[in-house]
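what shape does this take:
(one chain, ligands or ions: 1)
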Amino acid sequence: MDLKVGVIGTGGIGQEHIRRLTNVITGAKVTAVSDINEGTAQKIAEKYGAKFYKTGEEVINAPEVDAVVIASWDQTHAGYVLESIKLGKYVFCEKPLATTADECKDIMNAEIQSKRHLVQVGFMRRFDRGYRELKEIIKSGKLGSTLMIHACHRNLTHIPSHTTDMTITNSGIHEIDISRWLLDEEYESGQVLTVKQNCNSSKELLDPQIIQLKTKSGVRIDVEVNMSSGYGYDIQCEIVCEKGAVRLPDPNKPLVRYNCQRSYEIYEDWSQRFIEAYDIEFQEWVNSVKSNKLTGPNSWDGYIACVTADALIKSRNIGAAQDILTIDKPQFYK
Ligand code: ISE
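Model (predicted):
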């Protein structure tokens, strides 16, 4: 029987997930939707044969909803996650899990009290074939111990409402999650450095920024997060180990020879670059919900990402590296 899914948020990413749940993956059906922009949500509801609701709370409470997908704006995430837990419904929440570490703690407490793992966070890079291969190679041990990660995260352009903090909480948060997942260890400290301003970014936005992180064993990570690359959406990652180095493969695109040049196309945005990762992420989520055992990134991962982002923002504001201080990991998440 299909898993009946309610989707809150029918903007860009919400529509992508509804299309994916309907046309790409098996075992799920979108039965209810809502969005602050009611007109869009109504159209999407009609297109996919789902029921339109005015609010996210109504979607969560709807009898035809077994599990919830949250793709609304970041500030609304925590409230919807808590409401889903209250009703004992599985919930997939796009990143970030919440906008403050305290909200993440409330979510963990509610989940622990419910005695069930109900929450998955949308860190889709963990499902990307390239990152999975990188992890396998470094875990095999043949390159020796990992020493450093050099990464870059370039968006073609930014939306007008993008802020200096969102470079960390909305974009950089993927880097925070993927590096600790690749290394299987936690951070000790971090810092954000600012760079000469890119004149293609809005004046109010400090862009680019460089994230630096240090793990408890001493691995150093540096990431350029650049919101206006001017040429495309480009995600790079190189892991340097004691006996070798390994680089994230670029997505497979045909090599074109033309006009005395060789060239590869570069994607415009994340929805194309990570399309396969999102498909795998949702198929695995639906399968794991149906077998009552979530396997993806959980509330603890969402919490760590938030605490790290907070420390990074503070470091940029005061101009000094910050320790990344967390609560002890609850037994429930071990
Ligand atoms: C966007 O919101 C995403 O989540 C993308 O994955 C990220 O790469 C991009 O920088 C964000 O703007």
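
need the longest helix for this structure.
With DSSP state H setting the assignment, residue counts place helix 299-318 as the longest helix in the chain.

does that helix come close to the ligand?
No - taking CB under 6 Å from any ligand atom as the criterion, helix 299-318 and the ligand are apart, separated by no less than 12.1 Å. Every C-beta, even on glycine, is put in place using the N, C-alpha and C of the backbone.

tell me how far that helix lies from the chain's centre.
Centroid separation for helix 299-318 versus its chain: 14 Å, with CA atoms, centre = their mean, to the nearest Å.

can you show me the CA trace of that helix as CSV?
Output of helix 299-318 as CSV, limited to C-alpha atoms (Å, rounded to 0.1, in the frame of the first residue of the first chain):
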residue,chain,number,x,y,z
SER,A,299,17.4,15.1,14.8
TRP,A,300,20.9,14.8,16.4
ASP,A,301,22.5,15.6,13.0
GLY,A,302,20.1,18.5,12.6
TYR,A,303,21.1,19.8,16.1
ILE,A,304,24.9,19.5,15.4
ALA,A,305,24.5,21.4,12.1
CYS,A,306,22.6,24.2,13.9
VAL,A,307,25.1,24.5,16.8
THR,A,308,28.0,24.6,14.4
ALA,A,309,26.3,27.2,12.2
ASP,A,310,25.6,29.4,15.3
ALA,A,311,29.3,29.2,16.4
LEU,A,312,30.5,30.0,12.8
ILE,A,313,28.2,33.1,12.6
LYS,A,314,29.4,34.2,16.1
SER,A,315,33.1,33.8,14.9
ARG,A,316,32.5,36.0,11.9
ASN,A,317,30.7,38.6,14.0
ILE,A,318,33.4,38.9,16.6
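
report the beta-bridge partners for residue 187.
residue 215 (DSSP bridges).

what about it, distance to residue 176?
In this structure, residue 187 and residue 176 are 8 Å apart, going by CB to CB, to the nearest Å.

what of residue 247?
Remark: distance between residue 247 and residue 176 (CB to CB) = 20 Å.

residue 39 - how many residues pack around it?
Per other CB atoms under 10 Å, the neighbour tally for residue 39 reads 9.

pop the domain breakdown of this structure in here.
Recorded structural domains for the chain (assignment: automatic domain parsing) are 3-125+276-297, 129-270+305-323.

so who does the most centrally placed residue in the chain touch?
Note on the chain: the residue nearest the mean C-alpha position is residue 123, at 3.3 Å, using CA atoms, centre = their mean. Residues in contact with residue 123, defined by CB atoms under 8 Å, 6 or more residues apart in numbering, are 95, 174, 177-178, 181, 296-297, 301, 305.

now render the residues you listed as TSV, adding pLDDT, distance to residue 158 and neighbour count.
As requested, the contacts of residue 123 are arranged in TSV below (pLDDT from 0 to 100; distance: CB to CB, whole Å; neighbours: other CB atoms under 10 Å):
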residue	pLDDT	distance to residue 158	neighbour count
95	97	17	22
174	98	15	23
177	98	20	24
178	98	21	26
181	98	25	16
296	98	28	19
297	98	25	24
301	98	25	23
305	98	20	27
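
neighbours of residue 184, how many?
Other residues within reach of residue 184 by the criterion other CB under 10 Å amount to 11.

also residue 300?
A count of nearby residues for residue 300, using other CB under 10 Å, gives 22.

the residue nearest to residue 26 when sequence neighbours are not counted: which element?
Once its chain neighbours are removed from consideration, residue 26 has its nearest residue in residue 283; the separation is 7.3 Å (CB to CB, 6 or more residues apart in numbering). Take DSSP states H and E as the rule and residue 283 turns out to sit in helix 275-290.

and the gap between the residue of the chain found nearest the ligand and residue 302?
Among the residues of the chain, residue 171 lies nearest to the ligand; the distance is 3.3 Å by CB to the nearest ligand atom. Using CB to CB, we find residue 171 at a distance of 16 Å from residue 302.

who has more neighbours out of the two?
residue 302 (30 against 21).

for the closest residue to the more buried one other than its chain neighbours, give me its contacts.
For residue 302, the nearest residue in space outside its immediate sequence neighbours is residue 97; the separation is 2.8 Å by CB to CB, 6+ apart. By CB under 8 Å, 6+ apart, the contact set of residue 97 is 77-78, 81, 103-104, 107, 119, 121, 299, 302-303, 305-306.
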